[in-house]
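>>> just coords:
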């Protein structure tokens, strides 16, 4: 029994230590968030770092799929969104990560539900003013082609939820102002959709390239077939001329030579035996070619005769 008690006490001690560790970590994170909320520079850095983390987790590549701190100009006026995301089809959209978090620490410090509700309204009003500022910047007019909205990134889903709870019309107001309020979860989903669109676009480009290559290959095969067709005609003409020459030599020239030899007319040169042709051209199979062969089978298979050996 003492052993069981010792074991239980040891397990309880470990559990208590773990709970204390988690509590200390929670307090530490809360203090860190309070420090961030208390300094405007840290608030901006926190939003930018959160945005960069989401880009990385979504699988998007910097300077390829998106660019940060890009300055664009129009009519001697410069704007600098925190990020510009490239869309398939030559589109872009801007993201602003400078969420107004100055009044959120008041909400965290509230001790009663009434104080929290009032602090949420104040915070929602601050976010609303930031939405109006983003609308006046009209980022989408500087990064055309672009959909008519700018994404306002709030680096915490809880912070975004607090703002929406403080003003039930805040979301609709943002949409009417061409501003899309995004927390980490919703922005991640949006970027995943963009990344998927890029993959599909790449597949379509590859398919189009394959189609273009196929058309080019078909065209070149057609040209090669034209050359083959001409060669087939030339080969048939050559065989026909060869056969005429053989017929002429056998029926006329060699007969005359033999007659001359019987009359005692003969040179020192001998008329040598002619070797028979072994390699003959194959006739194209009409079932395997796009058009029928230009020459009939009988034309290509001309009879080749062997000349008799002359006797002294």
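That came through fine. Quick caveat, the model's predicted, so the values are computed rather than measured.
>>> and stretch 127-135, average pLDDT?
Averaging pLDDT along stretch 127-135 yields 93.
>>> same deal with stretch 218-231?
Stretch 218-231 comes out at a mean pLDDT of 81.
>>> Please apply the same query to stretch 287-302.
53.
>>> What of stretch 174-185?
93.
>>> quick one: buried residues of that stretch?
Buried residues in stretch 174-185, counted by 16 or more other C-beta atoms under 10 Å: 174, 177-184. Every C-beta, even on glycine, is put in place using the N, C-alpha and C of the backbone.
>>> got it, and stretch 133-144?
Neighbour counts over stretch 133-144 (16+ other C-beta under 10 Å) mark 134-135, 137, 139-140, 142-143 as buried.
>>> which residues touch that stretch?
Here stretch 133-144 makes contact (C-beta atoms under 8 Å, 6 or more residues apart in numbering) with 72-74, 79, 81, 84, 92-94, 96, 146-150, 152, 177-179.
>>> re earlier: among the buried residues of stretch 133-144, which ones are in helices?
Among the buried residues of stretch 133-144, DSSP state H puts 134-135, 137 in helices.
>>> what's residue 138 sitting at in phi/psi?
phi 50, psi 60 (degrees, to the nearest 10).
>>> how close does it sit to residue 83?
Plainly put, residue 138 is 17 Å away from residue 83 if you go by C-beta to C-beta, to the nearest Å.
>>> again, but for residue 247
Taking C-beta to C-beta, one finds residue 247 at 87 Å from residue 83.
>>> Any idea how many residues pack against residue 161?
If you count neighbours by other C-beta atoms under 10 Å, residue 161 ends up with 13.
>>> And residue 281, by the same measure?
Residues near residue 281, counting by other C-beta under 10 Å: 14.
>>> Give me the three-state assignment for it.
coil (DSSP: H, G, I helix; E, B strand; the rest coil).
>>> isn't it right up against residue 235?
Yes. In this structure, residue 281 is within contact of residue 235 by C-beta atoms under 8 Å, at 5.8 Å.
>>> Give me the domain ranges for the protein.
23-182, 204-300 (automatic domain parsing).
>>> Pick the most buried one from these.
Mean neighbours per residue, mean count of other C-beta atoms under 10 Å, is largest over the domains of the chain for domain 23-182, with a mean of 16.
>>> ok, residue 89 - contacts?
So residue 89 contacts residue 201 (C-beta under 8 Å, 6+ apart).
>>> same deal with the one 3 residues further on?
The neighbourhood of residue 92, defined by C-beta under 8 Å, 6+ apart, consists of 84-86, 143-146.
>>> rerun that using 6 Å as the cut-off
84, 86, 143, 146 (C-beta atoms under 6 Å, 6 or more residues apart in numbering).
>>> Out of those, which is nearest to residue 274?
residue 86 (76.0 Å; C-beta to C-beta).
>>> Could I get the contacting residues of that closest one?
Residue 86 sits in contact with 65, 92, where contact means C-beta under 6 Å, 6+ apart.
>>> Now with 8 Å, please.
Residue 86 makes contact with 64-66, 92, according to C-beta under 8 Å, 6+ apart.
>>> May I have the secondary structure class of it?
Under three-state DSSP, residue 86 comes out as strand.
>>> Could you check how far it is from residue 186?
19 Å.
>>> so where do the helices sit in this structure?
Under DSSP H, the chain gives helices at 2-38, 40-57, 104-109, 113-137, 157-166, 170-176, 184-248, 254-262, 297-300.
>>> tell me the average confidence for stretch 194-203?
84.
>>> List the buried residues in that stretch.
For stretch 194-203, by 16+ other C-beta under 10 Å, it's 194-195, 198.
>>> export the residues you listed to JSON lines and tack on distance to residue 51?
Formatted as JSON lines, those follow (distance: C-beta to C-beta, whole Å):
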{"residue": "194", "distance to residue 51": "14"}
{"residue": "195", "distance to residue 51": "15"}
{"residue": "198", "distance to residue 51": "19"}
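>>> shouldn't residue 90 be in contact with residue 146?
No. The criterion here is C-beta under 8 Å, and residue 90 misses it with residue 146 at 10.0 Å.
>>> Residue 131 and residue 152 touch, don't they?
Yes. Counting by C-beta under 8 Å, residue 152 is a contact partner of residue 131 at 6.6 Å.
>>> Measure how far stretch 221-230 is from the centre of its chain, please.
37 Å (C-alpha atoms, centre = their mean, to the nearest Å).
>>> Just list the residues touching the residue nearest to residue 116 when sequence neighbours are not counted, thanks.
Closest residue to residue 116 apart from its sequence neighbours, by C-beta to C-beta, 6 or more residues apart in numbering: residue 110 at 4.2 Å. Applying C-beta under 8 Å, 6+ apart to residue 110 gives the contacts 116, 118-119.
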